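A.B. asks: Requesting a structural model of the entry that follows:
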Amino acid sequence: IFELLQSTANLPTPKSTRDPGHPVDEEMWNSWFAEDGRPKVSAEVMRQEVFRRGLGSNNVLRRKVWPFLLGVQTWDTTEEERGRHWEEKLEQYHDYKDQWFGNSEIFDRQDVVEERHRIDVDCRRTDRTQPLFAGSPSSGTPSGSGDPEKEHHRRYSTISPNANEIGAQSPSNEHIDRLAGILLTYNFYEKELGMQGYVQGMSDLCAPMYVAMGTDEALTFWCFAQVMDRMKTNFLRDQSGMKKQLSTLQQLIQVMDPELYRHLEKTDGLNLFFCFRWILIAFKREFPFDDVLRLWEVLWTDYYTNDFVLFVALAVLESHRDVIVRYLIEFDEILKYCNELSMTIELDTTLAQAEVLFLSFVQLVADMDRRRVEEGGITSDGLRRRQRAHSRSGSGSGTATSAVLTAIPELSQDLKDLVTSRRA
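C.D. replies: Okay, the predicted model is just below:
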């Protein structure tokens, strides 16, 4: 039915608006603000330009832009207002951190020791090719040096509960310990909100923010907290959030590429397990580090939809769909093939294709809605156009069109939400 819809729709192919060759730079960014720091352009314009252009490799600019994209800072405010707001956020961060830092009763409590161990193990193996995390352990102050203040700081800065028994684990360093400290603070922050705290995989999301935010702990923490607010359903222990997203992606494939859908159905691949990692941590392990930063800031604009990551996943699949359909006849072959795409995907081409796929999907949905209205025969004055439908039924040339009109499928709410869901 979807092939019939697409063949009779005769819709033009949309074009991508992306222009990554001309990223937003400091000069452009500064031109968007008045002397008092209040923006002269709307948040929508800012998000559109970041979506279209990106920020290139400018981490200094990211420290200004990301807090706005993620909602750490409010857009329509003056510099003075944002300064006061940040002082409040800074104080809040230290309040959360002080729940465990320097508090031996909490720090050494069994459940916290277990959390520390999970966080430490993950952080020791996250992004170790990055210079900040690749360095050898700092010499610090030798044990027994007699400086109580330094010993106190060292004790609570070392998140590992078994610092002297790391075995085969990678050695830690100051930045790994600080990353772990941010995640431990987040663990307390989340549990205060009634959530589950740290879950494996969160270090993959936090580490790039720590690098991009220039090792600023509080800024990293609040940006990470906002990202987790967007993505926390990915980390639910019953995996219900991931199951919903993979189900939506499955339905999206059925609408946009029925042939690929049928092939995945034949190969028992409709569970889309080969896309699980892509969506769980927003392609963190599929692109080089710098490309991950550029991808994430595009996703965070929510320019078209909250769920643009699903169209990125669809774009990757579409780029390789001929190989998958023609040569991969077993689920294990598809899984292996998709896993081996890691670090081979060209980002800007993929984002342009994802945009075109989204715009094509919107066109198709709008056309389905139009046809559904026509099929029902409802005009603006409420009259049914039964005569028109009846005359078509007797025409041989209109048989295919009539068949489409009488069998237009109803899209699920999850698919409809892809078009209508935008964060404020």
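
A.B. asks: which residues does Asn350 contact?
C.D. replies: Not Asn; residue 350 is Thr. With Cβ atoms under 8 Å, 6 or more residues apart in numbering as the criterion, the residues that contact Thr350 are 312, 315-316, 319. Quick note: C-beta positions are derived from backbone N, CA and C, even for glycine.

A.B. asks: per-residue pLDDT, it?
C.D. replies: The model reports Thr350 with a pLDDT of 98.

A.B. asks: got any ranges where this structure has weak pLDDT?
C.D. replies: Low-confidence segments of the chain (pLDDT under 70): 1-9, 138-146, 163-169, 192-195, 377-407, 422-424.

A.B. asks: Show me it divided up by domain.
C.D. replies: As assigned by automatic domain parsing, the chain contains the domains 1-17+238-424, 92-233.

A.B. asks: And these: which comes nearest Ser57?
C.D. replies: Closest approach to Ser57 among the domains of the chain (Cβ to Cβ): domain 1-17+238-424, 5.9 Å.

A.B. asks: Figure out which of the domains of the chain is closest to Leu55.
C.D. replies: Across those, closest to Leu55 is domain 1-17+238-424 (Cβ to Cβ), at 5.9 Å.

A.B. asks: Which helix runs longest in the chain?
C.D. replies: For the chain, the longest helix by residue count, based on DSSP state H, is helix 347-376.

A.B. asks: Could you pull out the buried residues of it?
C.D. replies: 347-348, 350-361, 364-365, 367-368, 371, 374-375 (16 or more other Cβ atoms under 10 Å).

A.B. asks: chain center to it: distance?
C.D. replies: Using Cα atoms, centre = their mean, to the nearest Å, the mean C-alpha position of helix 347-376 is found 21 Å from that of the whole chain.

A.B. asks: Dump the domains of the chain into CSV; add distance to Asn30 as well.
C.D. replies: What follows is the domains of the chain, written out as CSV (distance: least, Cβ to Cβ, whole Å):
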stretch, distance to Asn30
domain 1-17+238-424, 18
domain 92-233, 19
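
A.B. asks: Compare those domains and give me the one nearest Met28.
C.D. replies: Smallest distance to Met28 across those (Cβ to Cβ): 14.6 Å, for domain 1-17+238-424.

A.B. asks: Mind listing residues that contact stretch 89-108?
C.D. replies: By Cβ under 8 Å, 6+ apart, stretch 89-108 touches 72, 112, 116, 152, 156, 181, 184-185, 188-189, 192, 217-218, 221-222.

A.B. asks: Next step: those residues restricted to helices.
C.D. replies: Those of the contacts of stretch 89-108 lying in helices (DSSP H): 112, 116, 152, 156, 181, 184-185, 188-189, 192, 217-218, 221-222.

A.B. asks: and of the residues you listed, the nearest to Lys232?
C.D. replies: Tyr189 (11.9 Å).

A.B. asks: Wait, the closest one touches Met228, no?
C.D. replies: No. Contact criterion Cβ atoms under 8 Å: Tyr189 and Met228 do not qualify, at 9.4 Å.

A.B. asks: who's more crowded, those two?
C.D. replies: Tyr189 (22 against 19; other Cβ atoms under 10 Å).

A.B. asks: With adjacent residues omitted, what lies nearest to the more buried one?
C.D. replies: Among residues not flanking Tyr189 along the chain, Tyr96 sits closest, at 4.9 Å (Cβ to Cβ, 6 or more residues apart in numbering).

A.B. asks: Show me the residue at the heart of this structure, geometrically.
C.D. replies: In the chain, the C-alpha nearest the mean C-alpha coordinate belongs to Ala282, at 4.4 Å (Cα atoms, centre = their mean).

A.B. asks: buried sites along stretch 22-37?
C.D. replies: The neighbour-count check on stretch 22-37 (16+ other Cβ under 10 Å) flags 23-24, 29 as buried.

A.B. asks: Over to Leu55: give its phi and psi.
C.D. replies: phi -120, psi 10 (degrees, to the nearest 10).

A.B. asks: Count the residues that sit near it.
C.D. replies: Neighbours around Leu55, by other Cβ under 10 Å: 25.

A.B. asks: do Tyr156 as well
C.D. replies: Per other Cβ under 10 Å, the neighbour tally for Tyr156 reads 17.

A.B. asks: Might you calculate how far stretch 170-187 sits from the centre of the chain?
C.D. replies: The answer for stretch 170-187 is 22 Å, by Cα atoms, centre = their mean.

A.B. asks: And for stretch 335-354?
C.D. replies: 15 Å.

A.B. asks: Buried only: go through the contacts of stretch 89-108 for me.
C.D. replies: 72, 112, 116, 156, 181, 184-185, 188-189, 217-218, 221-222.

A.B. asks: could those be laid out in CSV, adding distance to Thr305?
C.D. replies: Shown next, in CSV, are the buried ones among the contacts of stretch 89-108 (distance: Cβ to Cβ, whole Å):
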residue, distance to Thr305
Val72, 22
Val112, 39
Arg116, 38
Tyr156, 42
Gly181, 35
Leu184, 33
Thr185, 31
Phe188, 33
Tyr189, 28
Glu217, 32
Ala218, 30
Phe221, 27
Trp222, 24
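
A.B. asks: ok so, going back, okay, and which of the contacts of Thr350 map to strands?
C.D. replies: If you go by DSSP state E, these have nothing in strands.

A.B. asks: Buried among the residues you listed? Make that a PyMOL selection.
C.D. replies: Here is the PyMOL selection string for the buried members of the contacts of Thr350, based on 16+ other Cβ under 10 Å:
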select buried, resi 312+315+316
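
A.B. asks: with the contacts of Thr350 in mind, which one is nearest to Ser240?
C.D. replies: Val312 (21.9 Å).

A.B. asks: related to what we said a few turns ago, show only the entries of the contacts of Thr350 found in helices.
C.D. replies: 312, 315-316, 319.

A.B. asks: Cheers, nothing more for now.
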